[in-house]
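Chemist: Structure for the following, please:
(2 chains)
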Amino acid sequence: MASKATAEVQRQMPRGAKRESGPWGRLVRVLVRINSFIGKELTEVRRQPRLLLSLVLGPFLILFLFGVGYAATPRDIRTVVVLPSGSPLADNAEQYRDAFAKPFVLDSVTEDGQTARQRLADRQIQAVIYFPQDAYATVLNGQRATLQVDYNEIDPLTAQWVNYYAYVQTNELNKRILVEALKQGGAGEGGDQKRAEETKAIATTMQGDAGSLRTALASGDRDTALARLAALRQSNARAQQNLLTSAQLLGGVALFTNVQNPQQTKQGQALTNAQGAVGRIDDNISRLQGDVQAGRTGQQQQTIAEQIGQDTNVIGQSSDQLKLIPPEILVSPFEAKSQNISAITPDFVEFYAPAVIALLIQHIAVTLTALTLVRERLLGSVELFRVTPTGAGEIAVGKYLAYFLLTAILGTALAAAMHFGLGAHILAGYGPFALVVVLLILASLSFGFFISAISNSESQAVQFSMLVLLASVFFGGFFLGLESLAPYVRVVSYALPVTYGIRALQSVMLRGEQPQLWLLGALAAMAAILFLLSTQLFRRQFKRG
Amino acid sequence: MIEQAPNGPEMNVPPPPPAAPPPTTGAVDSRNVRAAQGDGAIVVMQGVGKRFGEFDAVQGINLTVPVGGLVALIGPSGCGKTTTVRLLLGVYEPTTGSCQVFGQPSHHIRRPTRERIGYLPQQFVLYPTLTVSENLNFAAATYGLGPFRRRRQRNVLLELVGLAAHRNKLAGDISGGMQRRLMLAATLIHEPDLIFLDEPTAGIDPILREQLWQEFRNIQANGRTQVVTTQYIAEAEYCDTVVLMDRGKIVASGPPDALRQQASGGDLIDVTIADLDRPMIARLRALRGVRSLRFLSDDQLRLTVENAGELIPQIIAAVQEGGSTVQAIEEQRLSFNDVFVTLLKASGRDVSGAEEYGE
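Modeler: Numbering: from 1, shown residues only, chains lettered A, B, ... in the order given. Modelled structure (predicted):
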């Protein structure tokens, strides 16, 4: 009955203009309504060129300036060296200057610790190194002497650098002292080399003694022969001691350089030969001493003396090989030689390009959409839409498509500027790049819609957008790698589209790899879930009360 | 307006009824044929109440709007006019009672039916950064109008509301009156059958208000139904039916003249008589159709009668028969402000601040 009455009323009602009915007509009207929002949003944004400029050009210029102006090297740490009072060490700064590696730069050398501390307090210098008063005695007691490094720094990062460089610098000083000690104390140029030369000299002396021994044996001069044999034994013992020291050094180096058979090296063979010769000489001296004392000085004994002479030659030749390890090498047997096997070695601008593109795309999309729904509510248009046949879903889809088009155009312009203007790489090609950008735009738009749906005022929406930007810079992997964040903080990172965008774009642009599927999946899921959620929220706000 | 009677004393006559609608533009012309079709009610409210928390915004509203009617909801600010309109639009769901529009519950009006409804909100809710023309285009598209029809309707309505010369101006750059007219054009762009106009003349100068009401009459002449809210009591004169509201309730309703009669107890006639004495008063009181009589001055009376048109000749004749002359006689029409105040008083409302109800 009721439906009959309704039909009667409707029949009597004057109809407005003729409207297409049926599914096709309804579909067309839905598309027209969606299109109305696309057109409206694009026109509104087009009318605000300053908004576009501030959205795109502003951040682009800031990041461009950062890229070209950022100096990756740490600033100089001007350092004063304070020597103990009455120190025998020279206070001529030039003697120490080359001992300082960047970023430590020697400012001066002084014994006035108080002035140095005051200058540090006034931040005229950045570090003071105090040499200990009784370093020599401390070391002689088998303890490490403390090299005190003071600094005056509030930046924890710089403080870490100072600590690190202090450690490096101390190592450098230790090395230099060790080199000097080796030179002075028996190894290398003053030690290893000197010892080798001494061994050679001993060998030469022994050759002379061996010649005198042969002459004495030939002439039957037993006393002279015995005296030469005693001298040869003494020299041979010294040569043996030197060779033993060299063998120990060689063994130590071999141990740290992980050489399995050090005796097979050139030095090892020389050492083996020399030690063999020393052994044989020792045997032959003992044998000859017995023969001479027994009065035997014939041809056989002369042949043995000849053999001693030949062995001293072996020692002399071997000692040439043993003086080849300089003290600097002994102290620092390793040097680093690094090689980057990455496809490219980007500079700072090139490296930050993917992050800049991802961050700007997210920023543009979030900022544009964050205001859109809240603005309609505040303007009062929502009340009008409630009365029209337009549904909340149509409004959301229309706006979403409009802002997708807009952000895609701006993102393309930005990427083109980075690629062609600043030389940013896109190694994996435009296809994968476009795929990542499209998904990043969709996820960011959904994020912005969500902000808009939960904001009660425009200022709230703007504030949320700024928070997202701030969070993206800190937690999105823009400056700091995610690895440097605690796991519970990474939750924030993974809630941001830019985190996935940066990683995926870095793969595509810098490594020439296809983006990882999970990154793309995360962006797509974020886009879908947040869009549905925000549309649902908007639908509830749109719902007639 | 003062006119000289052809034979008799000078008399004031009531203002003429609103002028006949002028010829309208093509698109609206074509709808003349639909005027006053059928006798069904397009809007039916029965015992409707709406409560927000502990506050009853409206209660016990009974209202029927016939097809082609022009109904005014009149009352002071906060009396429930806008709430009633929103209930009819389905923006609010009634807490009590039933509210039907086009035979459907207003809260569940189907989408095709929504295409037949137009709504002019109180505030300007179009987009300041779009031009006049773009705003109209957008409004039309939200109703699903195709591009060709949009263009045709846009041109027609821009002419109708006098904004054709301003079509390319940004809506934020035009005056408040122009914005109101733009809103009206946006309300009419899809040729709705039922139009809700929420305070369409608020904040608009009297000349423009007059023009707008003329336009509403034109729209009515084209067979469309309008429900208008206004704070301006005098605007009730333009409507077929006036619904007086106060504190969420309907105080009185009916055609303007019926309400006027209800307020005054009948038609009013002021008569000035030379040598007015008791016998003359008794003679007048004895006339059939005279309900009451009171002195306005020593020689002037106000008579409350059933029908002024019939009684005026009889009064003149009675005075002449009594040997005196009528120096002046006129029918008095209570201003609608007075009608409104009187009816509110009758409902028990303190109306000491009656000027707040507008002109």
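
Chemist: Give the buried residues for whichever strand or helix holds A:S493.
Modeler: Per DSSP states H and E: A:S493 is located in helix A:487-494. Buried residues in helix A:487-494, counting neighbours by 16 or more other CB atoms under 10 Å in any protein chain shown, are found at A:S493. For glycine as for every other residue, the C-beta is placed from the backbone atoms N, C-alpha and C.

Chemist: elements contacting it?
Modeler: Under the contact definition 3 or more CB pairs under 8 Å, 6 or more residues apart in numbering or on different chains; DSSP states H and E, helix A:487-494 sits against helix A:458-475.

Chemist: which residues touch the helix it packs on?
Modeler: Residues outside helix A:458-475 that contact it (CB atoms under 8 Å, 6 or more residues apart in numbering or on different chains) are A:359, A:362-363, A:366-367, A:370-371, A:374-375, A:378, A:447-448, A:451-452, A:454-455, A:478-480, A:482, A:485, A:489-490, A:492-493, A:496, A:498-499.

Chemist: switch the cut-off to 6 Å
Modeler: Identification of contacts with helix A:458-475 by CB atoms under 6 Å, 6 or more residues apart in numbering or on different chains yields A:359, A:363, A:366-367, A:370-371, A:374, A:451-452, A:455, A:492-493, A:496, A:498.

Chemist: ok, now stretch A:276-287?
Modeler: Stretch A:276-287 is contacted by residues A:L229, A:L232, A:R233, A:N236, A:A239, A:Q240, A:I304, A:Q307, A:I308, A:D311, A:V314, A:I315 when judged by CB under 6 Å, 6+ apart.

Chemist: Filter the residues you listed down to the buried ones.
Modeler: By 16+ other CB under 10 Å, the contacts of stretch A:276-287 give A:L229, A:L232, A:R233, A:N236, A:A239, A:Q240, A:I304, A:Q307, A:I308, A:D311, A:V314, A:I315 as buried.

Chemist: Put together JSON lines for the residues you listed, with secondary structure, distance to B:V339 and pLDDT on each row.
Modeler: Below are the buried ones among the contacts of stretch A:276-287 laid out as JSON lines (DSSP: H, G, I helix; E, B strand; the rest coil; distance: CB to CB, whole Å; pLDDT from 0 to 100):
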{"residue": "A:L229", "secondary structure": "helix", "distance to B:V339": "153", "pLDDT": "90"}
{"residue": "A:L232", "secondary structure": "helix", "distance to B:V339": "148", "pLDDT": "91"}
{"residue": "A:R233", "secondary structure": "helix", "distance to B:V339": "147", "pLDDT": "91"}
{"residue": "A:N236", "secondary structure": "helix", "distance to B:V339": "143", "pLDDT": "90"}
{"residue": "A:A239", "secondary structure": "helix", "distance to B:V339": "138", "pLDDT": "87"}
{"residue": "A:Q240", "secondary structure": "helix", "distance to B:V339": "137", "pLDDT": "86"}
{"residue": "A:I304", "secondary structure": "helix", "distance to B:V339": "154", "pLDDT": "90"}
{"residue": "A:Q307", "secondary structure": "helix", "distance to B:V339": "150", "pLDDT": "92"}
{"residue": "A:I308", "secondary structure": "helix", "distance to B:V339": "149", "pLDDT": "91"}
{"residue": "A:D311", "secondary structure": "helix", "distance to B:V339": "144", "pLDDT": "91"}
{"residue": "A:V314", "secondary structure": "helix", "distance to B:V339": "140", "pLDDT": "89"}
{"residue": "A:I315", "secondary structure": "helix", "distance to B:V339": "139", "pLDDT": "87"}
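
Chemist: can you redo those residues as a markdown table with distance to chain B?
Modeler: Listed next are the buried ones among the contacts of stretch A:276-287 as a markdown table, based on distance: CB to the nearest CB, whole Å:
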| residue | distance to chain B |
| --- | --- |
| A:L229 | 115 |
| A:L232 | 110 |
| A:R233 | 110 |
| A:N236 | 105 |
| A:A239 | 100 |
| A:Q240 | 100 |
| A:I304 | 115 |
| A:Q307 | 110 |
| A:I308 | 110 |
| A:D311 | 104 |
| A:V314 | 100 |
| A:I315 | 99 |
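
Chemist: coming back round to it: show me how to select, in PyMOL, the buried members of the contacts of helix A:458-475.
Modeler: Selection of buried members from the contacts of helix A:458-475 for PyMOL, criterion 16+ other CB under 10 Å:
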select buried, chain A and resi 359+363+366+367+370+371+374+451+452+455+493+496+498
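
Chemist: Identify the farthest-apart pair in the contacts of helix A:458-475.
Modeler: With distances taken as CB to CB, the most widely separated pair in the contacts of helix A:458-475 is A:V374 and A:S493, at 26.4 Å.

Chemist: can you list the residues of the stretch 151-300 of chain B near chain A?
Modeler: Within the stretch 151-300 of chain B, the positions lying close to chain A (CB under 6 Å from any CB of the partner chain) are B:E191, B:P192, B:D193, B:G223.

Chemist: what about B:A328, which SS state?
Modeler: Put simply, B:A328 is strand when judged by DSSP: H, G, I helix; E, B strand; the rest coil.

Chemist: My read is that it contacts B:D270, right?
Modeler: No. The pair B:A328 / B:D270 is not scored as a contact, 7.7 Å apart, by CB atoms under 6 Å.

Chemist: before we move on, the earlier item: which of the contacts of helix A:458-475 sits closest to chain B?
Modeler: Lowest distance from chain B to these (CB to the nearest CB) belongs to A:L371, with 12.7 Å.
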